Every structure is written in structure tokens, then in C-alpha cells.
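Asker: fold the following for me, if possible:
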Amino acid sequence: QDPGQIDEARRLVAEGADKPFLAGQCLGDGRVLALGAYGLAFSTQNAGQSWQPALALLNGSESQHLNAVQALGGRIYLAGEQGALMRVDHDLQGFKRFASPYDGSFFGLLATRNNSLLAFGLRGHVFRSSDQGASWQSVAVASSKSLTAATQLRDGSLLLADESGQGWLSHDDGRSFRPVAPEQRFPLIALLALPDGGSLAVGTQGITRFPPSALR
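Answerer: Numbers count the residues shown, from 1 in each chain. Presented below is the predicted three-dimensional model:
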């Protein structure tokens, strides 16, 4: 055993449960991955009855906050602070860290039906990969505010939202975005696509609905 890992484990035990989890991903058959501050990564094989450290992620995260997780093509992608972009296999082995296109924080990941992956975060930064994270291309979004939520709508279009509640819509698999005008704006935490083509937005001031007509 690595003495450094033992010392780190002792430190975490001594500090207690004071570090938040920031993202989670269901992997199927009762398996769930939970990620959080300072590179915390734990998994369960029995729907939460017991949890074990995901050692490949704990070792590879370099204690960076992990803010987002997304399954795509049988692999698990993660994003976090200081441009952290990484991947593990579905069994949480085979860790790989990608060369980051910038050094700011990522707050979210979105996988598309066409197997592209978007990473988004501080000051309107969006990057797109069509080769499983091997390379990333910058996508222009006319916002200097942090992008905090995303979803794919029923028709396949992509919806991003920034911290002011402004929405951004793409009809070309994330290659470009244009602004949409929501009826109500507030800081957004999550977006959920609806069967009718609209979206629910969850934020610090409650829940609002974007009708399909607002997302065209």
C-alpha cells in the first residue's frame, strides 16, 4: 500500500463527513458513482446500501473538485475545477486524464445522441469533443456568465443555461448556439427535458417551465 494514500485516508477520516458530493451517475444494476469536492469519488454496487472508494478516480483526480459526470459509449466522463477533464471505463478502471483546452472550471457535461460531448463552465466557456475526449473544439456562446445547466430536448436540440437564467439553443449537435428568451430568469442548477419538447428549469428560486414555443 502507498503510504501517501494511507495518510490521506487517515486525514479524511479525522476531518469527518464535511465535504459535499457535487454530482452522481447511475450505472445500472444498482451501481451508482458519486463525486465531489477535493476529488472524492465513491461507488455502490447495491443501490446505496454500502459504498466503496473509487480508487482510480481518487488517485487520478489530484484532489481537484469534480463537478460533473456523464456516461457515453460505455465509458464515464468527468469534469471539474482548473480545466479537469478525465475518463474511466464503465467498471471504474482504466483512468485517463485529457489535455484540457483551458484552465477554468467546468460545471457540467452533456452527451448528445450523435455521441458528441460538451463541457461547459465559467464565463460562457463551452468545448465540444466528437472523438471521445481526445480533442476539444471551442464553441462560441455570446455570454460572459457561467454556464450551469444543460439538457437535450425531445427533438435532439441542445439547451444550455447560464447563471442568470438565459438559455442558449443548438440545432447542430452543439457546433453553435443562439440565445432563447425564457419568460422567467433566475440562477439555474439543472434542466430537464419534457416529453412535449419543452423543459423544466430548477433554480434557487424554484421551478419554471420553458414551453416548446420558447425553444424554437
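Asker: what's the first helix or strand after the helix or strand of the chain with the lowest mean pLDDT?
Answerer: Using mean pLDDT, DSSP states H and E, helix 3-15 stands out as the lowest-scoring helix or strand of the chain, at a mean of 60. Downstream of helix 3-15, the next assigned helix or strand under DSSP states H and E is strand 21-28.
Asker: counting by contacts, list what that following strand packs against.
Answerer: strand 31-36, strand 66-72 (3 or more Cβ pairs under 8 Å, 6 or more residues apart in numbering; DSSP states H and E). Just so you know, the C-beta spots here come from the backbone N, C-alpha and C atoms, and that holds for glycine as well.
Asker: format those strands as CSV; extra columns: distance to Arg123.
Answerer: Below are the helices and strands packed on strand 21-28 laid out as CSV (distance: least, Cβ to Cβ, whole Å):
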stretch, distance to Arg123
strand 31-36, 23
strand 66-72, 15
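Asker: comparing these by mean pLDDT, which bottoms out?
Answerer: Sorting these by mean pLDDT places strand 31-36 lowest, at a mean of 92.
Asker: so who does the closest residue to Leu85 other than its chain neighbours touch?
Answerer: Spatial nearest neighbour of Leu85, chain neighbours left out: Phe98 (4.3 Å); criterion: Cβ to Cβ, 6 or more residues apart in numbering. When the contact criterion is Cβ atoms under 8 Å, 6 or more residues apart in numbering, the partners of Phe98 are 85-87, 133-134, 136.
Asker: same check on Ser105?
Answerer: Contacts of Ser105 (Cβ under 8 Å, 6+ apart): 65, 67, 80-83, 121-122.
Asker: got the contact list for the nearest residue to it once chain neighbours are set aside?
Answerer: Of all residues not flanking Ser105 in the chain, Glu81 sits nearest, at 4.4 Å (Cβ to Cβ, 6+ apart). By Cβ under 8 Å, 6+ apart, the residues touching Glu81 are 64-65, 67, 105-106.
Asker: returning to what we had before: mind putting the contacts of Phe98 into JSON lines with neighbour count?
Answerer: Compiled in JSON lines, the contacts of Phe98 are given as follows (neighbours: other Cβ atoms under 10 Å):
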{"residue": "Leu85", "neighbour count": "23"}
{"residue": "Met86", "neighbour count": "22"}
{"residue": "Arg87", "neighbour count": "19"}
{"residue": "Gly133", "neighbour count": "19"}
{"residue": "Ala134", "neighbour count": "10"}
{"residue": "Trp136", "neighbour count": "21"}
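Asker: mind putting those residues in a markdown table, pLDDT, secondary structure and distance to Leu191 included?
Answerer: Shown next, in a markdown table, are the contacts of Phe98 (pLDDT from 0 to 100; DSSP: H, G, I helix; E, B strand; the rest coil; distance: Cβ to Cβ, whole Å):
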| residue | pLDDT | secondary structure | distance to Leu191 |
| --- | --- | --- | --- |
| Leu85 | 97 | strand | 21 |
| Met86 | 96 | strand | 24 |
| Arg87 | 96 | strand | 23 |
| Gly133 | 94 | coil | 23 |
| Ala134 | 93 | coil | 27 |
| Trp136 | 97 | coil | 22 |
